[in-house]
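>>> sequence and predicted structure, then a few things I'm wondering about:
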Amino acid sequence: MSTLTEPTGTDVVAEAPKPKKRSALQAVMQFELTPKKVKRKELMHFSRQLAVFARAGIPLLDAFDSISSEMSNKFFRSILIDIRQRLVAGTPLSDAVAAHEDAFPDFYIGMLQAAELTGRLDSVLDQLADYIERDLEARQKVMSALLYPAVVMGMSAVTVAVLTLYVLPKFKTLFKSLHAHLPLPTRILLSVADWVGTYWYIVIAVPVVLAIAAWAMISTERGRAARDKLLLGLPAFGVIVQYALLERFCRILSAMTEAGVALSDALSVSIRATNNRVFQSRLMTARDSMLRGDGLAAPVAATGLFPAAARQMLAVGERTGTMDQQLDTASTYFGRELDYKIKRFTSLFEPAVLIFVGVVVGFVAVALVSAMYGIYHQVKV
């Protein structure tokens, strides 16, 4: 089995110059508005279909013909056609798939290599489909936790913008015509409306510039490391990110070890799949300790990323030789904890958002009502 952790190309040549770090400007220049990619859901369906064909004893060439003919994603269809052509030329399936790293992640390729060695292609493809499905469910749970607050904040921003740019200028004309003495909240609100109406381009430009600067920053290695550290340090939300990453790590490592991938290779792929520099740095240190003969449970516990229950599961799996089963149990544990923490986050965040929106809308209402009430008394006197 080919090693997954060894670099390729110029990285292994001692005389080759070190690659230059990509600057933020280069990242912006190389940005694609519509990058081609394969959705995880399509990869999941493909894996299930190919598993069915393999279990039925249908040749791979016929299976790829059938799947590609029904594939709606043109980019993915072209990849499947190219894989079939490579199979015709005698290339192993894992090598043909590895030629398309933009569509197939590292763990997918590693498990296919193990499947070819063990002859369990159908079961490994089922494992891949199951993992991708569970990973999609975890991502959707995290996104759903953020959806409601984002919608409420967006609607409140639109409401405030309409009041500031359209409603308040009309009231200002009315107040001026009546020579009314306005209370402090009304004067503050009208001053804000005047400023926004005059410098509206700044209000629009600042968020756009900040968004571009943030995107350019996270396109660099240092920026991504800072972003990953910030995400893990966020109150309430950071623990959600942590448990989502732990579940993904345990799921991939469990699936790869069960498929027969060497533990060192499976660890390398699982670590890269976390896509978080803090996790990757600490877990690579644990992997190095494991390669020095320190085992896996103790170095993983030393990272400080895993809760006590998960550390105990790994220790039991290491002593009993059931690491793949314990990792699967740990991933299930993290999945349930993720559900609980998302529900808790939502229950805490929703009232905070509602209070914020209520304060903003209430201030606008008080400012307008107090002004109208003052005008009424001035006219009456």
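Yes, it's here.

>>> show me where pLDDT drops low in the stretch 251-381 of the chain?
Filtered on pLDDT under 70, the stretch 251-381 of the chain yields the residue ranges 376-381.

>>> repeat that with 90
Applying pLDDT under 90 to the stretch 251-381 of the chain flags residues 251-276, 280, 286, 290-298, 300-381.

>>> ranges for the strands of it?
Counting by DSSP state E, counting those that start in this stretch, one finds no strands in the stretch 251-381 of the chain.

>>> secondary structure element for the spatially closest residue to residue 335 that is not a sequence neighbour?
In space, residue 335 comes closest to residue 247 once its chain neighbours are excluded; the distance is 5.2 Å by Cβ to Cβ, 6 or more residues apart in numbering. Backbone N, C-alpha and C define where each C-beta goes, glycine included. Assigned by DSSP states H and E, residue 247 falls within helix 237-258.

>>> gap between that helix and the chain center?
With Cα atoms, centre = their mean, to the nearest Å as the basis, helix 237-258 stands 12 Å off its chain's centre.

>>> that one: which residues count as buried?
Within helix 237-258, the residues scored as buried using 16 or more other Cβ atoms under 10 Å are 237, 239-258.

>>> before we move on, back to that, what's the spacing between the residue nearest to residue 335 and residue 355?
Between residue 247 and residue 355 the computed distance is 32 Å (Cβ to Cβ, to the nearest Å).

>>> how about residue 265?
In terms of Cβ to Cβ, residue 265 sits 50 Å off from residue 355.

>>> now do residue 156
Going from residue 156 to residue 355 by Cβ to Cβ gives 11 Å.

>>> same check on residue 87?
Counting by Cβ to Cβ, the gap from residue 87 to residue 355 is 60 Å.

>>> who's more crowded, those two?
residue 87 (18 against 11; other Cβ atoms under 10 Å).

>>> is it true that the more buried one touches residue 62?
No - the criterion here is Cβ atoms under 8 Å, and residue 87 misses it with residue 62 at 10.8 Å.

>>> where's residue 149 relative to residue 234, distance?
Distance, residue 149 to residue 234, by Cβ to Cβ: 13 Å.

>>> and for residue 121?
Using Cβ to Cβ, residue 121 is found at 42 Å from residue 234.

>>> so for those two, which residue has more residues nearby?
Neighbours were counted for residue 121 and for residue 234 using other Cβ under 10 Å; residue 121 has more, 20 against 11.

>>> now do the contacts for that one.
With contact taken as Cβ atoms under 8 Å, 6 or more residues apart in numbering, residue 121 is in contact with 51, 54, 93, 112, 115.

>>> same thing with residue 314?
296, 297, 300, 301, 306, 323, 326, 327, 330 are the contacts of residue 314 under Cβ under 8 Å, 6+ apart.

>>> how far away from the center of its chain is stretch 193-204?
Put simply, stretch 193-204 sits 34 Å off its chain's centre (Cα atoms, centre = their mean).

>>> and it, average pLDDT?
For stretch 193-204, the mean per-residue pLDDT is 82.

>>> grab the CA positions of that stretch and hand them over as CSV.
This file holds the C-alpha atoms of stretch 193-204, laid out as CSV (Å, rounded to 0.1, in the frame of the first residue of the first chain):
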residue,chain,number,x,y,z
ALA,A,193,-30.0,59.2,10.4
ASP,A,194,-28.3,62.4,9.0
TRP,A,195,-24.9,60.9,9.3
VAL,A,196,-25.9,57.6,7.6
GLY,A,197,-27.8,59.5,4.9
THR,A,198,-24.7,61.7,4.2
TYR,A,199,-22.0,59.1,4.5
TRP,A,200,-24.0,56.0,3.3
TYR,A,201,-21.1,55.0,1.0
ILE,A,202,-18.9,54.6,4.1
VAL,A,203,-21.5,52.4,5.8
ILE,A,204,-21.5,50.2,2.7
